[in-house]
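Engineer: here is a sequence with its predicted model. Questions after.
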Amino acid sequence: MTFPHRHLLGIEPLEPPDIQTILDTADGLKEILDRPIKKVPALRGKTVINLFYEASTRTRSSFEIAERVLSADSLSIATAASSVTKGETLLDTAKNLEAMNPDMVIMRHASSGAPHFLARHCRFSVVNAGDGAHEHPTQALLDALTMRQRKGRLKGLRVAIVGDILHSRVARSNLLLLSKMGASVVLCGPPTLVPPGIEALAPVTFRVDEAVEGADVVMMLRIQLERMSGGFFPTTREYHRHFGLTEERVRRAKKDVLVMHPGPMNRGVEIASEVADGPYSVILDQVTNGVAVRMAVLYLLLGGSAEASS
Amino acid sequence: MSRLLLKGGRVIDPAQGLDQTLDVMISEGTIEEMGPRVQPRGAQVLDMKGLVVCPGFIDIHTHLREPGREDKETIATGTRAAAAGGFTAVCAMPNTDPVNDTAGITRAIVEKARAEGATRVYPIGAITRGQKGEELAEYGDLKEAGCVAFSDDGRPVASARVMRRALEYARAFDLVLIDHCEEPTLAEKACMNEGPVSTHLGLRGQPAAGEAIVVERDVLLAELTGGRVHIAHLSAAASVDAVRRGKARGVKVTAEATPHHLFLTDEAVRETGYDTNTKMNPPLRSEADRQAVLLGLRDGTIDCIATDHAPHTVDDKKVEYDQAANGIVGLETAVALCLDRLVGEGLVELPYLVALLSTNPARVLGLPGGTLAPGSPADLTVLDLAKKRQVDASRFESRSRNTPFGGWILKGWPAMTIVGGRVAWKDAR
């Protein structure tokens, strides 16, 4: 079986069967992580470069572990956010890396569309590990894997995505993926953090209670305090009261609701600690699934054979 | 000086209400005579059969980049691009380095253009010193040195008080202020239009309202002061509406639109996968905005078509979308785009387009030309309506190649430009 894509630039170019394939592959590969010797030779001899222009803890370590488990040769380059001020352009950096003949570059970048730019100009496979406010496809895939494991399906699930939709690549990728897979999404946040035109893709409400009502999954988004210079809401206190997920609000959802958060969390802002640490929370499962999904993506894009995964 | 006889062309001169087959005699750099059969009397004869002869096209919004960014464009290359695009004159925006805010710089541009320019060059001076939006530039001196209007183009005049003083003060010299309308606090870090497409692409957008707010302000300030304001590159439906209402009240307001805002929308950013040649300011807007600009062009709200020719090096464009420079080249595509997409599609009649490109620009800025009436400067643009050709950026005369129109097949191209009675460019292909 061959995967019909060379790059993973976003959820948008994927068809539902592609998503299915990635999730199935991740499910198959996940078992390796429970073995005493967590290593298979699937990607031996493949070179992968993690190029991170933005800070990342979870995503980067998750990719690095996935690479090691699959025996790829990998290295990570963490560049200060402003490579531009350092003098080298993104294209020059990429061309220099290309000259070393890597099979794949995994990139996080603050500019939306930066991975597309790379894919257009370079030979290697490109995986988008988050571009600006555009997409973060592996996050949406790991979220979907978590939902599917817990609920047995994606189709028909009612998913509330709550918080800073405007700046969130996680929200965009999740919205695309869940819509493609037949889930019904409700978006919620203060009007200042809901981007124009998004209502064409999913219903929008400004009331958290309404969004959470009857939900199978409540996905809270991080309030990006570092991007809050624009005065989008008056105080974090008020934000928590009106848009945060509290115990009381969770009760409006289905009994077996899943509470998710892509991390890093601002406890007491978008999510109360009792909820984050409570019985519905699958936040740490998401992290574990992150490794499995990234293994699947590396494996499928770098053309590992189907047998090696079993 | 030699004499030229343009024989048997379809002569269109909206200023005289002319559209018929005529011969045009040029002598001593001026139009000498027009008639159904003008005798050569020793003049060099150019056969214009099957071609259209118009008063020279004037682009009132060009960035020639000289002085300061000669790697992007020079007066020589920019005016060659203009001539090859059918323009006989360009108005050079002052956002050079240094900014054209003093008479010395204006004179240097005028002299360089006289020596090296393929077309006429009319400098535009800055509204404020250094285009900083604070102190007025010396309009009197700038006018004497050759400036034909004032603009802080590329930057809006953010302060209403400064804009008011500028409009008042410019009245003493009877010159127009050209404003780049943008409310800066609504456009911070924006790299495209705000709307469903920016949401989809995750790019920071600026709302159309940010332009319209300043257009409304400028119309009201022109009304208050009796000054003359010209709105650069209108891109938003609400801006067109503001100008239309202003004109109806008798305010001295005029406006221009660019080909890219007439023929592209923000969908182009998505369709091209973040191609930085779709990035300019004002940004490509929604289809509703585009339709409104088109309507404004047809009903006379918008007076002229201007290119906003903004050359940039490959290095300035071959970067991440939000890092890329704003602007595209336009001189060598504008006329063909308009012939194909406006006249070819029946949206405007050819004489009306000639008015948008020649008669009206001359009137708005009070420039010589814009007509073929005997005694006028012999600046002429000749069009070949039958010529079909693909836009090929690699063959541009401009030093820069940043166009979103590469590969477009267009019918109707300039065939010759005559500046001051001399053939400045002739299509050799």
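Structural biologist: Perfect, I can see it now. Please read these numbers as outputs of a predicted model, since none were measured by experiment.

Engineer: nearest spatial neighbour of residue B:88, chain-adjacent residues omitted?
Structural biologist: Spatial nearest neighbour of residue B:88, chain neighbours left out: residue B:56 (2.9 Å); criterion: CB to CB, 6 or more residues apart in numbering or on different chains. To be clear about C-beta, it is placed using only N, CA and C from the backbone, and glycine gets the same treatment.

Engineer: can you pull the contacts of the one you found?
Structural biologist: With CB atoms under 8 Å, 6 or more residues apart in numbering or on different chains as the criterion, the residues that contact residue B:56 are B:87-89, B:358, B:369-370, B:377, B:379-381, B:417-419.

Engineer: list the buried ones in the strand or helix carrying residue A:172?
Structural biologist: With the criterion set as DSSP states H and E, the secondary-structure element containing residue A:172 is helix A:169-180. Residues of helix A:169-180 classed as buried by neighbour count (16 or more other CB atoms under 10 Å in any protein chain shown): A:169, A:170, A:171, A:172, A:173, A:174, A:175, A:176, A:177, A:178, A:180.

Engineer: now the residue of the stretch 301-429 of chain B at minimum distance from chain A. Its backbone dihedrals?
Structural biologist: Among all residues of the stretch 301-429 of chain B, residue B:320 sits closest to chain A, at 3.6 Å; criterion: CB to the nearest CB. Recorded main-chain torsions at residue B:320 are phi -60, psi 150, according to degrees, to the nearest 10.

Engineer: how close does the residue nearest to residue A:190 when sequence neighbours are not counted sit to chain B?
Structural biologist: Once its chain neighbours are removed from consideration, residue A:190 has its nearest residue in residue A:233; the separation is 5.3 Å (CB to CB, 6+ apart). Using CB to the nearest CB, to the nearest Å, one obtains 18 Å as the distance from residue A:233 to chain B.

Engineer: what do you get for residue A:143?
Structural biologist: The gap separating residue A:143 from chain B is 18 Å, by CB to the nearest CB.

Engineer: past the strand or helix carrying that residue, which element shows up next along the chain?
Structural biologist: Remark: residue A:143 resides in helix A:137-151, with elements defined by DSSP H and E. Reading on from helix A:137-151 to the C-terminus, the next helix or strand found by DSSP H and E is strand A:158-162.

Engineer: now that next one against helix A:137-151, angle please.
Structural biologist: Inter-element angle recorded for strand A:158-162 and helix A:137-151: 140 degrees (by axes from the mean of the first three to the mean of the last three CA atoms, to 10 degrees).

Engineer: the residue in the stretch 151-300 of chain A that chain B sits nearest to - how many residues pack around it?
Structural biologist: Using CB to the nearest CB, the point where the stretch 151-300 of chain A gets nearest to chain B is residue A:197, with a distance of 2.7 Å. The local packing of residue A:197 (other CB atoms under 10 Å in any protein chain shown) involves 16 other residues.

Engineer: now swap in residue A:137 and tell me
Structural biologist: 31.

Engineer: report the separation between it and residue A:250.
Structural biologist: Plainly put, residue A:137 is 28 Å away from residue A:250 if you go by CB to CB, to the nearest Å.

Engineer: again, but for residue A:162
Structural biologist: Per CB to CB, residue A:162 is found 11 Å from residue A:250.

Engineer: look at those two and report which has more neighbours.
Structural biologist: Neighbours per residue, other CB under 10 Å: of residue A:162 and residue A:250, the larger number sits with residue A:162, 25 against 21.

Engineer: so which residues on the stretch 101-250 of chain B come close to chain A?
Structural biologist: Taking CB under 8 Å from any CB of the partner chain as the contact definition, the stretch 101-250 of chain B meets chain A at B:194-205, B:207.
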